[in-house]
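Okay, sequence plus prediction incoming.
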Amino acid sequence: MSLGENWFSEAALGYAMSLEIEEKLHEEQSPYQKIEIYKTRTFGNLMTLDGITMLTTRDNFIYHEMMSHPALFNHPNPKDVAVVGGGDCGTLKEVLKHDSVKQVTQIELDERVTRISEKYFPELCESNNDPRAILLFEDAIDWMKNAKAESLDVIILDTTDPVGQAKRLFAAPFYKDCLNALREGGIVVAQSESPLMDMEILLGLRDEMEKAGYIEIQTIQFPVATYPSGWWTATLARKGQKFGDFREQMARHRPFETKYYNAEIHKASSVLPEIMLQALVV
């Protein structure tokens, strides 16, 4: 069955996700990638990079909240945060909801992703002018290598899939640079793909973190309707300590609104199904 020209489809590994589109709002080739924005019939605006779904208006909040709040509430007092990638600025917005955070440095290679997001996803960029936010447009590999030792509490790796140059962001040398930049007890969290479609990537990411020297590694799960399989993960790793309890009462009585994250979701997200438990044991 052909869906016709009024549908955007992303196909991978014998699987496809499709959204009905009303019009294409924007298309350009930046120095790094092809950026397209569509207006969809049911999911609001859609951004794709080189034909791969990055986010939609309707379901991005789940991803952005789960990339941010579990790590921040696992840390006792996060003050200095770095976001690698995250050019749509949704993760930046969530991090800045935490009053303890004094500075967030976002390192995004492609400035055009941010500028286009400011136009087509303004709700995600409303904190871009927060005085605590520093937006840099440069190579995060070099930035992290040169970061001051023990200067960060949390590092959020809001990256694209591990293809091309992005593969370097999923490897032990980069994770070791992150480890060096973290203070004792600091946390790095990386988006780690779909356990149903990309288990090898997830396991490889965890292996690379272990090689880099992290004390404990924890994978959490959550749904994202428009990502392959609709089932996604993030993987957290801690410097010098095990995770222990998160700040549950603070999460329960947080002074800001969320649409997906809460204290019960925080606890439940780390309870993994058998297919993941068996894979992680092997």
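Noted; the coordinates are in hand.

where along the stretch 51-200 of the chain do the helices fall?
Assigned by DSSP state H, counting those that start in this stretch, the stretch 51-200 of the chain shows helices spanning 60-74, 90-95, 111-120, 140-145, 172-181, 199-212.

Of those helices, flag the one that's most buried.
helix 90-95 (a mean of 27; mean count of other Cβ atoms under 10 Å). All C-beta atoms are positioned from the backbone trio N, CA, C, and that covers glycine.

so how far is that one off the chain centroid?
Its chain's average C-alpha position is 10 Å from that of helix 90-95, according to Cα atoms, centre = their mean, to the nearest Å.

Check the model's average confidence along it for me.
For helix 90-95, mean pLDDT is 98.

Nearest to Glu27, out of the helices of the stretch 51-200 of the chain?
Nearest to Glu27, of all those, is helix 111-120, at 10.2 Å by Cβ to Cβ.

Dump that closest one to PDB, keeping only the CA atoms.
Taking Å, rounded to 0.1, in the frame of the first residue of the first chain, the C-alpha atoms of helix 111-120 are listed here in PDB:
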ATOM      1  CA  GLU A 111      23.600  26.700  14.600                       C
ATOM      2  CA  ARG A 112      20.900  26.500  11.900                       C
ATOM      3  CA  VAL A 113      19.100  23.800  13.900                       C
ATOM      4  CA  THR A 114      18.700  26.300  16.700                       C
ATOM      5  CA  ARG A 115      17.700  29.200  14.600                       C
ATOM      6  CA  ILE A 116      15.100  27.200  12.700                       C
ATOM      7  CA  SER A 117      13.800  25.800  16.000                       C
ATOM      8  CA  GLU A 118      13.300  29.300  17.300                       C
ATOM      9  CA  LYS A 119      11.000  29.900  14.400                       C
ATOM     10  CA  TYR A 120       9.100  26.600  14.200                       C
END
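
before we move on, back to that, and of the helices of the stretch 51-200 of the chain, who's closest to Thr40?
helix 111-120 (11.9 Å).
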